[in-house]
Structure formats: C-alpha cells, structure tokens
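>>> Take a look and give me a structure for this.
(chains A and B)
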Amino acid sequence: MEMLILQTFNGLSVSSILLLIALGLAVTFGLMNVINMAHGELIMIGAYSAYVTQNLFASYLPKSWYEGYFFAALAASFLIAALMGCLLETILIRHLYGRPLDSLLATWGVGMMLQQVARFIFGAPNVAVTSPSWLNGGLAITSTLVLPYKRLFIMALVALVLTAMYLYIYKSASGRRMRAVMQNREMAGCLGISTRHVDSLTFAIGSGIAGIAGCALTLLGPIGPSIGTYYIVDAFMVVVLGGVGKLIGTVAGALGIGIFNTLFETYTSASIGKVLVFACIVAFLQWKPRGLVALRTRSLD
Amino acid sequence: MLQLQAIESGYGESPVLRNVTMRVDQAQVVCLIGRNGVGKTTLMRTLTGQLKIRHGTMSLDEVDVTTWDSVYRARSGIGYVPQGREIFPLLTVKENLLLGLEPCNPQPKTFPEDVIELFPVLPQMYHRQGGDLSGGQQQQLAFARALASRPKLLLLDEPTEGIQPSIVEEIRNVICKIKAQGNTSVILVEQSIDFVRSVADYIYVMDKGSIVAQGDPEHIDIEQFEHYLTV
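Down below sits the predicted model:
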C-alpha cells in the first residue's frame, strides 16, 4: 500500500515537472507551430534569473525578507524569459513563420549562443540556488512515507500556471484573439485584429512560462548553462504525444509519460525505463499520429 | 463613399486586376458580376487589404487608404463576408460573434441585439463550435460577425453560393434591411442574375480583370451582358 502511494506520488511529481516544462512549448509549438529549439535556453534563463534574484535578496535586502525571495524569483523569471522571447520573436522568428526547418536551425543556433552567454556571465560550473527553508522537509504520512514539500510546491505551481493559462486562453478577450489568429490569420486581420501584436504576445507568454519552469527547477538541484538541453526533448515528447493545439492533450501527455516512466524505472533501471517509455511513445504515435487528443471538426477534415 | 481609381493588383508576379475604376455611394448596393476566374474575389481581397494595391488609389470617405493593411482597413469600417465564410472552426459561435466587435473602438462588452435579431437561429447555437455548423448556418454567422461592428462598407463575396433557398431568401431580406437603414454601403459579388436584379442599385460587369460594362439595373438590359456570364 505504502509502495503504491509512493509510486503514484513520484509519478505525479515527475508528470508535474514535465508538464511545467512543456506548457510553454504547448503555446509556442502547439499554438504557433514554431519549432523553438531555444526553448530549453529560455528555461535556463528562468533558472539563472532565480539565482540572480536570490543573490540580490541576500546582499541588498534585510535578512527577514530573504525567505520570500522565491516569489520574487518566480515573477522575475517569468518577466525576463518573456522579454527574451519577445526579442527573439521580433528579431528572428517572425521572419521564419511557415518555414519550420529554417526556424528549427536558427533557434538551435540561438540556443547555443545563449548557452555561451550564460557561461560567459556565470561561468561554466553549475551554481546552486538555496531553496527557501520553508520548503525543506516534507509531509509525513506515516513514519516511513514522507512527501517532500518541494515536490508538493511544484505540483501546486503547475496547477496554478495551468489554471491561469486556461483562463487566459479560453476565457479572456485577448486569448480569444490569440486563438483566432492561430486558426485563420488572414480572416483575423480582416476583423481588425493586429496579428503582429498577437504573435509577439503569444510567443512572449510561452517563453515566460518556460522561465517559470526554470525557476522551479532550481528547487530540484544545481543549475548550469546547459540545463535546458536535458529537458527540451522531454518537452517536445509531451507536446507531440499529447496532440498539438489542445491544453488538455499536453496535460494527458505529461501524466502518461511521467507515470509510465516511474513505473518502468521501479521494475528496471533508470536508463532502461527511459528507453521503454520512448519505445511506447513511438509505438503509440504509429497508431495515432496526431497524439492523444486530436482536434476534429468539419472544417478541418 | 468608396472610390477606386485605376486599381491594379494580383498574386505574386502575375497581375489579375487591371485598371479597375469603381465608385460606391452612401447606402448603395453595388453588384459585381462576371464569370469564374475574372478577378471578382481578387478585387474583394484587394479592398480588404489582403492583397496590395500596386497602382491606382483607393479612398474611403475621402480618406486615402491605398497603403493601409487589412487591420486598419477593418478598423476604418470595412466589413467582410468572404467566399467560403472563413468561420474560426475551433471557436464557439458566440466567440466568433464577439470577434466581430474587434474593429470597434472602444469595444462594447455585449453583442448588438438588433444584429442578432436578423439571424434568429444563431442564439440556439452559441456554444457549438463554428466548424461544426452547416454551410448555411456558417453563412449567417459570417454575416452577423461582419455586421457587428456596424461597417460603413460591407463586402459580400458570393453569399448565396451553395446555400438552401430559404436562407438565400433570408440573406436577401437582410441586404434589403441594411439598404433601408441607410448607414452601410454594400458591394455584392453574385452569380445569380435574379438575386442581383432584386437588390442592386448599380451593376458592374467584370471580365479578364477589368470592368467591361456598368449601369443601373432599371436602365440597362442585363441580358446584353449574358455573353460575359456564360462560358
């Protein structure tokens, strides 16, 4: 019984991290169809933003404020990554809409440049962000079963980001404009919607969410300039498996990969588990190439 | 209110429209007829700003809008019901309608009642996806969406194409009501001569990208244009 609870918790925890990484990509890749290989580096930017925020708090603000630095770090990560995304879209990506191969190569190059910039500023070795002390320890269910607060916090954060995204995309006027532009650019323009404005805003939001993911990753371990490359493949897997263009699909994809990953790892080893998960995804996409949640409507047939 | 002076436009390297000169007066319904492929839809797309004007000028209420893109054309009061409706397939009917308010400044919070009253079937479908509607329902939705911002000029590209007769009748009534209200001018692209005869104030006939004949329907004999309309 205890084993089952622990496995479920670990599965959900892995899923929540995957989901947080993939949510930004669900916007830039899922809605805008831009293959942004620099997404991992936007995560890295978010992580370093958290590091810088922590250092600023430690050196310039009263000690009693230090414990609250993480909330400021979340906001800073979002804003800085969103700003970088906006810049990237304006300078590069908007010239490459509808050219997936070109944007893939160009953003990959940008990703490598950003990694070098990070090495230049912060140095090649990993740096550590000290988690706030109120996140240390865990929730004791029984004497042997403890659920770490950090993992619970990430789950709550994912739920919050997901809710905010849902409300923004599906309930707000700005989200309505966003979906209209992604579905029919020319007609949206004929209704007076500024497609340029919507494109850069959408890309900025996707990038900002990547920044939040980077900030959350600082809770799990040290961060380095190439932290993004570890996660970028997983993020694309989640979005592709979930089905492009629907938020609920991304959630399903993350849950699927996270839970199966934990399950396989329990009975095999970490690397064999990963291989099995990828094998399952490949097999599944052979069967259903459009992913778990496929969009179906009369006009798209 | 709308003046086109020697317009030239087209796709890529190939020009489609040559030397198109037209005018539309306040609250007038102007019909554009011609065979398939002579450039009627190209002219519509040029008016909305989706295609660039290469030569000539376009002015709306004495304002030169020749170089404006589709966003500013829409905000300056050009409503558009495209051929093939172009409903947003994954948005609900209600959301599609609310997008019709985008050109307005400031944007009203609610959809105008009198526009909905023209299409009584729409409120029952508010929560269905636009893409799940039939062609006729989508056509009514596209009309309501275009009328929501109370455009000065309404562009209708073959609104009766492939639509059941009762809805064609409804569309004719809507055009007559718009005309009676006197706030909106209409350019109507249409293949059916009977439909044109019943609503038009003025007719332009197009062939090979140019206007080849024009006149008002009472004084010209549409039959004499038949050779422009038959293949």
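
>>> And the biggest helix by length in chain B, what's buried?
Criterion DSSP state H: the longest helix present in chain B is helix B:165-181. Within helix B:165-181, the residues that count as buried by 16 or more other Cβ atoms under 10 Å in any protein chain shown are B:167-168, B:170-172, B:174-175, B:178-179. In short, each C-beta sits where N, CA and C put it, glycine included.

>>> how about those residues in a markdown table, adding distance to residue B:63?
Shown next, in a markdown table, are the buried residues of helix B:165-181 (distance: Cβ to Cβ, whole Å):
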| residue | distance to residue B:63 |
| --- | --- |
| B:167 | 35 |
| B:168 | 35 |
| B:170 | 34 |
| B:171 | 30 |
| B:172 | 31 |
| B:174 | 28 |
| B:175 | 26 |
| B:178 | 22 |
| B:179 | 24 |
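
>>> any idea where the strands of the stretch 201-301 of chain A begin and end?
Counting by DSSP state E, counting those that start in this stretch, one finds no strands in the stretch 201-301 of chain A.

>>> And what about the nearest residue to residue B:34 once chain neighbours are set aside, helix, strand or coil?
Excluding the flanking residues, the one nearest residue B:34 by Cβ to Cβ, 6 or more residues apart in numbering or on different chains is residue B:206, at 3.7 Å. Taking DSSP: H, G, I helix; E, B strand; the rest coil as the rule, one finds residue B:206 in the strand state.

>>> Equivalent analysis for residue B:50, please.
At residue B:50 the chain is in coil, as set by three-state DSSP.

>>> wait, it sits on residue A:185?
No: checked against Cβ atoms under 8 Å, the pair residue B:50 and residue A:185 is beyond contact range at 10.1 Å.

>>> Tell me how far the residue located most distally from the centre of chain B lies from residue B:144.
Residue farthest from the centre of chain B, counting by Cα atoms, centre = their mean, is residue B:127 at 26.4 Å. Distance, residue B:127 to residue B:144, using Cβ to Cβ, to the nearest Å: 16 Å.

>>> give me the residue from the stretch 51-200 of chain A nearest chain B.
At 3.6 Å from chain B, residue A:192 is the closest residue in the stretch 51-200 of chain A, using Cβ to the nearest Cβ.

>>> Check what pLDDT that residue gets.
Looking at residue A:192, its pLDDT stands at 92.

>>> can you count the residues close to it?
25 (other Cβ atoms under 10 Å in any protein chain shown).

>>> Ok, residue A:104 next?
For residue A:104, the neighbour count with other Cβ under 10 Å is 15.

>>> Using CSV, list the CA coordinates for the worst-scoring helix or strand of chain B on mean pLDDT.
The helix or strand of chain B with the lowest confidence, counting by mean pLDDT, DSSP states H and E, is helix B:226-229 at a mean of 70. Presented in CSV, the C-alpha positions along helix B:226-229 are these (Å, rounded to 0.1, in the frame of the first residue of the first chain):
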residue,chain,number,x,y,z
GLU,B,226,-25.1,37.4,-70.9
HIS,B,227,-22.1,36.7,-73.1
TYR,B,228,-19.9,37.9,-70.2
LEU,B,229,-21.6,35.5,-67.8
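
>>> Mind giving me the packing neighbours of it?
Packing partners of helix B:226-229 (3 or more Cβ pairs under 8 Å, 6 or more residues apart in numbering or on different chains; DSSP states H and E): strand B:202-207.

>>> Could you find the closest non-adjacent residue to residue B:214?
Here the residue nearest residue B:214, using Cβ to Cβ, 6+ apart, is residue B:204, at 4.8 Å.

>>> Do I have it right that that neighbour meets residue B:211?
Yes: between residue B:204 and residue B:211 there is a contact under Cβ under 8 Å: 5.3 Å.

>>> out of those two, which sits in the more crowded spot?
The neighbour comparison of residue B:204 against residue B:211 (other Cβ under 10 Å) goes to residue B:204, with 24 against 21.

>>> ok, now how distant is that one from chain A?
With the distance defined as Cβ to the nearest Cβ, to the nearest Å, residue B:204 ends up 22 Å from chain A.

>>> so who does the residue nearest to residue B:73 when sequence neighbours are not counted touch?
Nearest residue to residue B:73, sequence neighbours excluded (Cβ to Cβ, 6+ apart): residue B:49, at 4.1 Å. Applying Cβ atoms under 8 Å, 6 or more residues apart in numbering or on different chains, we find residue B:49 in contact with A:189-190, B:68-74, B:78.

>>> Helices of the chain, start to end?
If you meant another chain, say so; for now it's chain A. Under DSSP H, chain A gives helices at A:2-25, A:39-60, A:69-91, A:100-122, A:149-171, A:173-183, A:185-190, A:195-217, A:227-242, A:247-267, A:270-287.

>>> should've been chain B
B:40-48, B:70-75, B:93-99, B:113-118, B:135-147, B:165-181, B:193-199, B:226-229.

>>> and the ones you listed, which one's lowest on average pLDDT?
Among the helices of chain B, helix B:226-229 scores lowest, with a mean of 70.

>>> In this structure residue A:179 contacts residue A:168, no?
No: taking Cβ under 8 Å as the definition, residue A:179 is not a contact partner of residue A:168, at 10.8 Å.

>>> which one of the two has more residues nearby?
Neighbour count, other Cβ under 10 Å: between residue A:179 and residue A:168, residue A:179 has more, with 21 against 14.

>>> Excluding chain neighbours, give the residue nearest to the residue in the stretch 1-150 of chain A that chain B sits nearest to in space.
Using Cβ to the nearest Cβ, the closest approach of the stretch 1-150 of chain A to chain B is made by residue A:31 at 11.0 Å. Of all residues not flanking residue A:31 in the chain, residue A:182 sits nearest, at 4.9 Å (Cβ to Cβ, 6+ apart).

>>> Then residue B:8?
That would be residue B:55: by Cβ to Cβ, 6+ apart, it lies 4.1 Å from residue B:8.

>>> Verify the contact between that neighbour and residue B:6 for me.
Yes: if you go by Cβ under 8 Å, residue B:55 and residue B:6 touch, sitting 6.4 Å apart.

>>> Tell me where the model's unsure across chain B.
By pLDDT under 70, the weakly predicted segments of chain B are B:221-226, B:230-231.

>>> and it, which residues reach chain A?
B:48-50, B:69-71, B:73-75, B:80, B:82, B:86-91, B:95, B:98-100, B:102-103, B:107, B:129-133, B:145, B:149 (Cβ under 8 Å from any Cβ of the partner chain).

>>> what's the closest of the helices of chain B to residue A:235?
helix B:93-99 (28.9 Å; Cβ to Cβ).

>>> which other residues reach that closest one?
So helix B:93-99 is contacted by A:173, A:176-177, A:179-180, A:188, A:191, A:193, B:87-88, B:91, B:111, B:122, B:125-130, B:133, B:141, B:144-145, B:148 (Cβ under 8 Å, 6+ apart).
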